[in-house]
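Trainee: next one to model:
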Amino acid sequence: MEAPSKRPKMDGSSKKTPCFADYFNSSRFSDVKIRFGDVPHKQMFPGHAVILCVQSEWFEKALNGGFKESETRVIDVKGDDPLAFNNMLKFIYGIRIPELTSTFTLGSLMSSVRLWGVADKYDVPALRKEVEKWWSESLPIYIHDLYRRANQGDDPPLQKKLFTKVVLGIFDSVSEGAEHMKDPLLQVLFRTCLQRDTFFSKSIDSQVPTNGISLLQDAVRKSAEFSQCLLLYIHDARNGAQPIVNSGGNATSGGQSLTIAGSPDEWEPFGPFRSMFPPNL
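Mentor: You can find the predicted model right below:
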């Protein structure tokens, strides 16, 4: 007898997610139950193993890996944001998630960060890529608008203060998440800011004209961790390496260790604005 072929995994490269919306939260053909949320608001979701396993390696292992869930067909998950987890299930069943089509706000950003977190935890690469796509499309529009208002507004100091609050808010929103979550979101943030912030972009390309307001200066003065990550991004951009945004201890740059608080020689490429970074960095 010929062995059954292995089901293909959804790695995020497919342009279209299969739609099983009619079976979402439906007991029809359901062969697995998922309990999520905290007491007294715990929810029971009637799932379908074949749909869950095609999209998620985590569910594949839980239901077919010899664990107790493969026998009981009941999965208990804890510690997740209920709305984010429910939205992940909607995505798996091919239902559009409003947060990924809405206009960018700090509120929608926080929702997307939590959504990325559960997509990463339960290994749903297609959803991770969808969230990252929304970041790359929506965040630049938001940042460019902040720069426009700061350069053209009637009260530049106020706009500068608002920008600092927003940028550090975005940075802090992912600081407590998975370390590698920082990379895709902060890459978009730094790349967008450096495209508009002539003080810093001039450090990468000397041909950039110096004009307009530098909104990043206050942010790097107020947050050592933000300064470190931004500096590493600039370092990699200057050297043509793929920037790796990371933080804590020995940070990484171009895939190699770079000690930020080391000898002055390590700061030499950033001479024009070294004094702007916190002295304890």
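Trainee: and the strands in the stretch 101-250 of the chain?
Mentor: Under the criterion DSSP state E, counting those that start in this stretch, the stretch 101-250 of the chain carries no strands.
Trainee: this protein - how does it break down into domains?
Mentor: 7-96, 97-281 (automatic domain parsing).
Trainee: comparing the ones you listed, which gets the lowest mean pLDDT score?
Mentor: Mean pLDDT per stretch puts domain 97-281 lowest among the domains of the chain, at a mean of 69.
Trainee: buried stuff in stretch 118-133?
Mentor: By neighbour count on 16 or more other CB atoms under 10 Å, the buried set for stretch 118-133 is 118-132. Where you see a C-beta, it was placed from the backbone N, CA and C, and this is true even at glycine.
Trainee: and the closest residue to Ser26 other than its chain neighbours, how far is that from Pro184?
Mentor: In this structure, Ser26 finds its nearest non-sequential neighbour in Pro46, 6.4 Å apart by CB to CB, 6 or more residues apart in numbering. Pro46 sits 33 Å away from Pro184, going by CB to CB, to the nearest Å.
Trainee: helix or strand for Lys33, which one?
Mentor: strand 32-36 (DSSP states H and E).
Trainee: Ile95 touches Phe24, doesn't it?
Mentor: Yes: counting by CB atoms under 8 Å, Ile95 sits close enough to Phe24 to count as a contact (6.0 Å).
Trainee: which one of these two is surrounded by more residues?
Mentor: Between Ile95 and Phe24, Phe24 has the larger neighbour count (other CB atoms under 10 Å), namely 19 against 16.
Trainee: select the longest helix from the chain.
Mentor: In the chain, taking DSSP state H as the definition, the longest helix is helix 125-152.
Trainee: quick check: phi and psi on Ser26?
Mentor: Backbone torsions of Ser26, given as degrees, to the nearest 10, read phi -120, psi 140.
Trainee: oh, I was asking about Ile75
Mentor: Backbone dihedrals for Ile75, given as degrees, to the nearest 10, come out at phi -120, psi 120.
Trainee: got the contact list for it?
Mentor: 32-35, 47, 59, 62-63, 69 (CB atoms under 8 Å, 6 or more residues apart in numbering).
Trainee: just the buried residues of stretch 45-60, please?
Mentor: 45-49, 51-56, 58-60.
Trainee: filter those residues down to just the ones in helices.
Mentor: Going by DSSP H, the helices hold 49, 51-55, 58-60 from those.
Trainee: please, where are all the helices along this structure?
Mentor: Using DSSP H, helices in the chain cover 49-55, 57-64, 69-72, 82-92, 106-121, 125-152, 156-175, 182-196, 198-204, 216-222, 224-238.
Trainee: remind me what the fifth one packs against, helices and strands.
Mentor: Using 3 or more CB pairs under 8 Å, 6 or more residues apart in numbering; DSSP states H and E as the contact criterion, the secondary-structure elements in contact with helix 106-121 are helix 82-92, helix 125-152, helix 156-175.
Trainee: most tightly packed of these?
Mentor: helix 82-92 (a mean of 21; mean count of other CB atoms under 10 Å).
Trainee: between helix 57-64 and it, find me the angle.
Mentor: 80 degrees (axes from the mean of the first three to the mean of the last three CA atoms, to 10 degrees).
Trainee: let me know the angle separating helix 82-92 from helix 125-152.
Mentor: Here helix 82-92 runs at an angle of 120 degrees relative to helix 125-152 (the same axes, to 10 degrees).
Trainee: okay, helix 82-92 in CSV with CA atoms only?
Mentor: Output in CSV follows, covering the C-alpha atoms of helix 82-92 (Å, rounded to 0.1, in the frame of the first residue of the first chain):
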residue,chain,number,x,y,z
PRO,A,82,-7.9,36.0,24.3
LEU,A,83,-8.7,38.5,21.5
ALA,A,84,-5.3,37.9,19.8
PHE,A,85,-5.7,34.1,20.1
ASN,A,86,-9.2,34.3,18.7
ASN,A,87,-8.0,36.4,15.8
MET,A,88,-5.3,33.9,15.1
LEU,A,89,-7.9,31.2,14.8
LYS,A,90,-10.0,33.4,12.5
PHE,A,91,-6.9,33.9,10.3
ILE,A,92,-6.3,30.1,10.2
